[in-house]
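Chemist: Give me a 3D structure for the following:
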Amino acid sequence: MAKPVLGILTLYLNDSKVLEERPVYEKMIAAGKRIGISVFVFTPQDVDDKNGKIHALLYDPESKKWGRRWINFPNVIYDRCRIQRSHRFQQLLAFRKRYSHLLFLNRPLRNKWTVYRTLGKVASFRSHLPFTKLYQSPDDVLSMLKKFQTVYFKPINGTGGRGILRIDRSKDGTFLLQGRNHSRSIVEPRRVSRSGLTSALGQWDMHDDRYIVQQGLNIKLPSGRIHDYRMLVQKNGSGVWEVTGCAGRVGPLRSITSNLHGGGEAAPMNSLLRQWIGNESTLSQIRETAENFSLNVARHLESTYGALCELALDLAIDRSGKVWLIEVNPKPSREVFKQAGEREVYHKAILRPIEYGLWSYRQKKESRSEKSSAVLEFEQLLKAERDRTNGVYAESSNDVY
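Modeler: Numbers count the residues shown, from 1 in each chain. Below is the predicted model:
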């Protein structure tokens with residue numbers, strides 16, 4: 001009997017067909033081989049719509065070599081595609097639309113603003129959400145700065161800390177601007193007046209994206225470095241949401257974000273919490289609150305937007321131990337756990353989507369089998385009824401089967 005097949009759908013980073021997460025895919029393919037599911041990698045560019053074939057990227061764990069082969073569509077698709085401003089992303093949108101009937105482990109999540117509004121409708125989530133507005137004009141930022149000493153100016157579709165501006169209100173009425181441009185490079189801090197802030201926002205490179213204005217939180221360590229926590233929740237091999245792990249992230253000096261791609265460092269959650277909170281007796285309670293909140297968010301977003309298999313929640317924990325949700329990432333990296341020394345969590349994070357893919361395939365196969373049995377039983381009953389009535393039903397022009 002042929003093995004079930006899982007296809008990892010991704011995007012090339014450029015026209016030279018560079019893959020961003022090749023080492024992770026190698027581990028996923030090897031894990032699939034161990035548990036009985038074949039795994040390959042492909043992009044929308046590799047699909048031959050006319051012949052229904054894919055020029056797949058295949059990896060051999062024994063020889064440690066990659067190759068290509070034309071193969072059929074997979075039984076299950078695991079979508080790892082992140083937003084790009086390229087023709088490749090447009091091809092992805094067309095692929096998703098054309099093949100929406102296939103079994104996807106995860107469907108696209110909405111942008112930061114829509115997710116914020118969705119979660120804000122749930123009473124138990126509201127106290128964990130920093131106050132956020134959709135940016136319409138500089139007045140939105142100025143009004144927020146009257147309420148909060150710090151606000152963040154963020155693209156609604158941004159990833160990896162790109163295009164984020166932090167604005168701090170000073171006692172003398174001026175504003176300190178710090179940020180990262182769309183290449184993740186740190187922008188030199190500068191102090192501006194009220195009118196200078198309006199001008200600076202107008203000159204900020206928004207890449208034709210929409211922005212949100214978000215309440216800033218006190219998450220700066222005594223060293224002056226920003227820190228937060230990456231909570232990973234995933235479906236397990238039985239289709240149930242579980243916490244895979246959580247690790248801390250500490251941004252480099254002068255950075256307003258903690259992203260590892262922007263030079264941040266990883267640390268075990270508990271050790272970072274001990275530095276930050278100091279009260280050992282409250283650490284387990286904070287962690288439990290963060291984990292339960294994250295699982296509830298995952299379940300709610302899946303019930304709202306459709307199939308999901310994993311989410312990374314970027315959490316802030318303030319000095320009082322309160323848990324805040326900064327943002328949700330539906331296509332998370334796993335490297336934070338590796339860098340934090342959480343090897344077991346890292347391996348589990350790689351394996352779980354493959355285990356869940358195998359479970360999903362089996363569930364669909366069983367469902368089809370049950371449906372086939374029901375259809376067969378119905379046809380047998382129908383035949384018996386036809387025999388009993390000497391074909392009256394078969395001759396009637398009004399029957400609908």
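
Chemist: CA atoms for contacts and neighbours, from now on please.
Modeler: OK.

Chemist: Which stretches in the stretch 301-401 of the chain count as helices?
Modeler: Secondary structure of the stretch 301-401 of the chain (DSSP state H, counting those that start in this stretch): helices at 335-339, 343-388, 392-395.

Chemist: ok, which stretches of the stretch 51-200 of the chain are helices?
Modeler: 87-98, 112-120, 123-126, 138-147, 194-203.

Chemist: ok, residues contacting the third one?
Modeler: Residues outside helix 123-126 that contact it (Cα atoms under 8 Å, 6 or more residues apart in numbering) are L119, G120, F293, V297.

Chemist: list the buried ones in it?
Modeler: F125, R126 (16 or more other Cα atoms under 10 Å).

Chemist: Any idea which of the helices of the stretch 51-200 of the chain gets closest to K64?
Modeler: helix 87-98 (27.7 Å; Cα to Cα).

Chemist: roughly how far is that closest one from the heart of the chain?
Modeler: 18 Å (Cα atoms, centre = their mean, to the nearest Å).

Chemist: Averaged pLDDT, it. What do you get?
Modeler: Average pLDDT, helix 87-98: 97.

Chemist: Please identify the buried residues of that helix?
Modeler: Quick answer for helix 87-98 (16+ other Cα under 10 Å): R88, F89, L92, F95, R96.

Chemist: which residues sit against that helix?
Modeler: By Cα under 8 Å, 6+ apart, helix 87-98 touches L11, Y12, T43, P44, Q45, I83.

Chemist: Narrow those to those that are buried.
Modeler: Using 16+ other Cα under 10 Å, the buried ones in those are L11, Y12, T43, P44, Q45.

Chemist: Could you dump those into JSON lines with distance to M206 and secondary structure added?
Modeler: Formatted as JSON lines, these follow (distance: Cα to Cα, whole Å; DSSP: H, G, I helix; E, B strand; the rest coil):
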{"residue": "L11", "distance to M206": "23", "secondary structure": "coil"}
{"residue": "Y12", "distance to M206": "24", "secondary structure": "coil"}
{"residue": "T43", "distance to M206": "28", "secondary structure": "coil"}
{"residue": "P44", "distance to M206": "28", "secondary structure": "helix"}
{"residue": "Q45", "distance to M206": "28", "secondary structure": "helix"}
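
Chemist: ok, those residues vs E342, which is closest?
Modeler: Distances from E342 to the buried ones among the contacts of helix 87-98, taken by Cα to Cα, are shortest for L11, at 27.9 Å.

Chemist: residues touching that closest one, list them.
Modeler: L11 makes contact with L19, F42, T43, P44, C81, R82, R88, F89, L92 under the criterion Cα under 8 Å, 6+ apart.

Chemist: State the pair within the contacts of helix 87-98 that is farthest apart.
Modeler: Maximum distance among the contacts of helix 87-98 (Cα to Cα): 15.7 Å, for Q45 and I83.

Chemist: what about G196, neighbour count?
Modeler: G196 has 13 neighbouring residues, counting by other Cα atoms under 10 Å.
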